[in-house]
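J.: Just a sequence and a predicted model for now, questions to come.
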Amino acid sequence: MASIDEIQADIIEDFSFLPEWDERYAYLIELGQKMPPLPEEFRTEENIVRGCQSTVWLHRECQDGKVLLQADSDSLIVKGLAALLMQVYSGQPAADILTTDLTFFEGTGLSKHLSSQRSTGLMAMIEQIKAFAVRCAAGEA
Amino acid sequence: MTFNIDKVRSDFPILQTKVNGKPLAYLDNAATTQKPQAVIDAITDYYTNYNANIHRGTHHLSNLATEAHEKARKTIQTYLNAAHDHEVIFTRGTTESINLVAFSFGQAFIKPCDEVIVTAMEHHSNFVPWQMMCERLGAKFRVVPFDEKGDLRLDILAKLLNEKTRIVAFNHVSNSLGTINPAKEIIRMAHDAGAAVLVDAAQSVQHIEHDVQALDADFYAFSGHKIYGPTGIGVLYGKEEWLDTMPPYQGGGEMIDIVTEEYTTYNKLPFKFEAGTPNVVGPIGLEAAIDYLNQFEFAEIRAHEDDVLEYGRERLSEVPGLTIYGNSEHRASIMAFNIGGIHHYDLGTLLDTQGIAVRTGHHCTQPIMTALGIEGTVRASLGIYNTKAEIDALIEGIYKVRKMLGR
């Protein structure tokens, strides 16, 4: 499996082919729509990550020190962002998640463009993934 | 001066902004308004030529700054038709104005088991401070609901009002629905029951009538930045007889008369409620904004905004699957809507790529969203400089988003 940094570099490259913002959003939305649907049993209250404007469901699992993630959102744009996070993090060793910087958000320009990371709930998602990675790495999850 | 929309637009430099290479359509005026050059100039002039601390100074600059600051108070007094200039208290904004009343009026007049009435269409700023006050003082918190059109249920208000009601707080215009509430009638009903009234004028003072004596409001609060003035300055109007009998809100400089180790006596109005070095330039900028509006007949501004609003509602109602929230016959400035199958955040974000600035979310009115059974809306809100062409851009933008999302 490619490393977190390799995957981030691919994402940044993919976005660089799309000069217009409406194209980038269209691509982001497509990524979200292609994400495998979140099984109904994971759509629980405790899996909800609340943004200011949208709701995200984030399911976490820890297998052999690797973090497995599935997600969904009521907003297609946020769902697309979640899909990118899944690409980057899901299946990666928990230790790598904790030691690798998240660069794709800056690299794609998405960080500047989205109204605020707080409103998308993206920061909350990242915090929850990292907190889970701590427990997974320690063998507590 | 007669109202000329092209001239008005040219007075607001920021309207020339391009977003992603497209002309900005600024339709987020309920959140904050843009500033005319006259306001920007007044602020620059203050810092360039007469910046100083005020009221206590003995020097030339301090005298100039004090004079300008207090002249602004008089201009605002005139705009509101308040009886006295010392009934105009400067605050940070509507939120602070309401918190001031909730605290000081509460301290003076609210006893356990007294009642306070707000409405279900209040901004959190005119909801939470009263809830906090009721919790602090053991008073009861009552909420007047609204009907399916977005009009307040005055029949229920009538039932809630009783001899225990001490104060009624409501917005003149709802920031989420655009409803113009029948302020005079509500105030008359409250007064008949012996209750005082606070009017949250954050969304009305710039659009509709704003004569505090004609309304007979006891308190009236608004923010400078929503009426084309600077941020960080707000106004609390209060009737002298109330303000005189209320204790100070904050202690510190400016608000005192004599300070000893044993006791402190307080300054007279309005300074009793203005602790600390004030926002000196804020009122000066706000005065420039009001002077800007005063160059027109207010009725002309209203007619222009209503014309664009009705055009906007008509065009929006033609969009298949679009629901408009707030259908009172008495309305101003605000168009809140959703399109079936499209999340409000997605619609707002994708409109932004086309240069169209709207607000999305619950607009700090979660009780309204709960009543409507929705998470949030897209809100387009108008100001003095908006045009039908910008409405057309909004509509075109909505169709583009629908196409992009396959809806």
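T.: In hand now; what should we look at?
J.: can you map out the helices along the stretch 301-407 of chain B?
T.: For the stretch 301-407 of chain B, the helices defined by DSSP state H, counting those that start in this stretch occupy B:344-352, B:366-372, B:388-404.
J.: looking at those helices, which one has the lowest mean pLDDT?
T.: Here the lowest mean pLDDT among these goes to helix B:366-372, at a mean of 90.
J.: do it and chain A meet?
T.: No: against chain A, helix B:366-372 shows no contacts by Cβ under 8 Å from any Cβ of the partner chain, the least distance being 11.5 Å. All C-beta atoms are positioned from the backbone trio N, CA, C, and that covers glycine.
J.: by contact count, what packs against that helix?
T.: Of the remaining helices and strands, none touches helix B:366-372 by 3 or more Cβ pairs under 8 Å, 6 or more residues apart in numbering or on different chains; DSSP states H and E.
J.: Counting neighbours, which bits of that helix end up buried?
T.: Residues of helix B:366-372 classed as buried by neighbour count (16 or more other Cβ atoms under 10 Å in any protein chain shown): B:367, B:368, B:369, B:372.
J.: just these now: which is nearest chain A?
T.: Distances from chain A to the buried residues of helix B:366-372, taken as Cβ to the nearest Cβ, are shortest for residue B:369 (11.5 Å).
J.: Tell me the spacing between the closest one and residue B:22.
T.: 30 Å (Cβ to Cβ, to the nearest Å).
J.: Equivalent analysis for residue B:317, please.
T.: 25 Å.
J.: before we move on, what about residue B:391?
T.: Applying Cβ to Cβ to residue B:391 and residue B:22 gives a distance of 15 Å.
J.: residues near the nearest residue to residue B:25 once chain neighbours are set aside, how many?
T.: Using Cβ to Cβ, 6 or more residues apart in numbering or on different chains and skipping residues adjacent in sequence, the residue nearest residue B:25 is residue B:390, 4.1 Å away. When neighbours are counted by other Cβ atoms under 10 Å in any protein chain shown, residue B:390 registers 23.
J.: all helices for chain A, in order.
T.: A:4-16, A:21-34, A:76-89, A:94-99, A:104-107, A:110-113, A:117-120, A:122-137 (DSSP state H).
J.: I'd like to know which elements the first one is packed against.
T.: If I follow you right, that is helix A:4-16. helix A:21-34, helix A:76-89, helix A:104-107.
J.: what do you get for the fifth one?
T.: Using 3+ Cβ pairs under 8 Å, 6+ apart as the contact definition, the elements that helix A:104-107 packs against are helix A:4-16.
J.: and the helix it packs on, which residues are buried?
T.: A:4, A:7, A:8, A:11, A:12, A:15.
J.: between those, which is closest to chain B?
T.: residue A:15 (14.3 Å).
J.: Residues touching the helix or strand harbouring residue B:222, excluding its own?
T.: Per DSSP states H and E: residue B:222 is located in strand B:219-223. Strand B:219-223 has contacts (Cβ atoms under 8 Å, 6 or more residues apart in numbering or on different chains) with B:80, B:91, B:93-95, B:97-98, B:101, B:105, B:196-202, B:204-205, B:212, B:233-239, B:242.
J.: model confidence over it, on average?
T.: For strand B:219-223, mean pLDDT rounds to 98.
J.: Tell me who's in contact with the nearest residue to residue A:96 once chain neighbours are set aside.
T.: Nearest non-adjacent residue to residue A:96, counting by Cβ to Cβ, 6+ apart: residue A:4, 5.6 Å away. Contacts for residue A:4 (Cβ under 8 Å, 6+ apart) come out as A:88, A:89, A:92, A:96, A:97, A:100.
J.: Now residue B:267. Its backbone dihedrals?
T.: phi -70, psi 170 (degrees, to the nearest 10).
J.: Run through the residues that contact it.
T.: Residue B:267 neighbours (Cβ under 8 Å, 6+ apart): B:254, B:255, B:256, B:257.
J.: Which among these count as buried?
T.: In the contacts of residue B:267, burial by neighbour count holds for B:254, B:255, B:256, counting by 16+ other Cβ under 10 Å.
J.: circling back to that earlier point, indicate which one of the helices and strands packed on helix A:4-16 is closest to residue B:284.
T.: Closest approach to residue B:284 among the helices and strands packed on helix A:4-16 (Cβ to Cβ): helix A:21-34, 39.1 Å.
J.: helices and strands around that closest one, which ones?
T.: Judged by 3+ Cβ pairs under 8 Å, 6+ apart, the packing partners of helix A:21-34 are helix A:4-16, helix A:76-89, helix A:110-113, helix B:344-352, helix B:388-404.
J.: what comes up buried for the last one?
T.: Of the residues in helix B:388-404, B:390, B:391, B:393, B:394, B:395, B:397, B:398, B:400, B:401, B:402, B:404 count as buried by neighbour count, 16+ other Cβ under 10 Å.
J.: Just confirm the first one contacts residue B:27, I think it does.
T.: This points to residue B:390. Yes: with contacts counted by Cβ atoms under 8 Å, residue B:390 reaches residue B:27, the gap being 6.6 Å.
J.: Now do the shared contacts for these two.
T.: residue B:356.
J.: and the residue lying closest to residue A:70 once chain neighbours are set aside, what is it in contact with?
T.: In space, and not counting its chain neighbours, residue A:70 is closest to residue A:59: 4.4 Å by Cβ to Cβ, 6+ apart. Residue A:59 makes contacts with A:38, A:42, A:47, A:69, A:70, A:71, as judged by Cβ under 8 Å, 6+ apart.
J.: how near is the third one to residue A:31?
T.: Computed with Cβ to Cβ, the distance linking residue A:47 and residue A:31 is 20 Å.
J.: Then the fifth one?
T.: In this structure, residue A:70 and residue A:31 are separated by 14 Å, where distance is defined by Cβ to Cβ.
J.: and if you look at the fourth one?
T.: Here residue A:69 is placed at a distance of 15 Å from residue A:31 (Cβ to Cβ).
J.: again, but for the last one
T.: Distance of residue A:71 to residue A:31, computed by Cβ to Cβ: 12 Å.
J.: higher neighbour count, those two?
T.: Set side by side, residue A:71 and residue A:31 show more neighbours around residue A:71, with 25 against 20, by other Cβ under 10 Å.
J.: The closest residue to chain A within the stretch 51-200 of chain B: neighbouring residues, count only.
T.: Nearest residue of the stretch 51-200 of chain B to chain A: residue B:124, at 13.2 Å (Cβ to the nearest Cβ). Residue B:124 has 15 neighbours, counted by other Cβ under 10 Å.
J.: most centrally placed residue in chain A?
T.: Most central in chain A under Cα atoms, centre = their mean is residue A:85, positioned 2.0 Å from the mean C-alpha point.
J.: Show the model's pLDDT score for that one.
T.: 94.
J.: In contact with it, which residues?
T.: Taking Cβ under 8 Å, 6+ apart as the test, what residue A:85 contacts is A:69, A:71, A:122, A:125, A:126, A:129.
J.: Likewise for residue B:116?
T.: Residue B:116 is in contact with B:110, B:130, B:133-134, B:139-142, B:165-169, counting by Cβ under 8 Å, 6+ apart.
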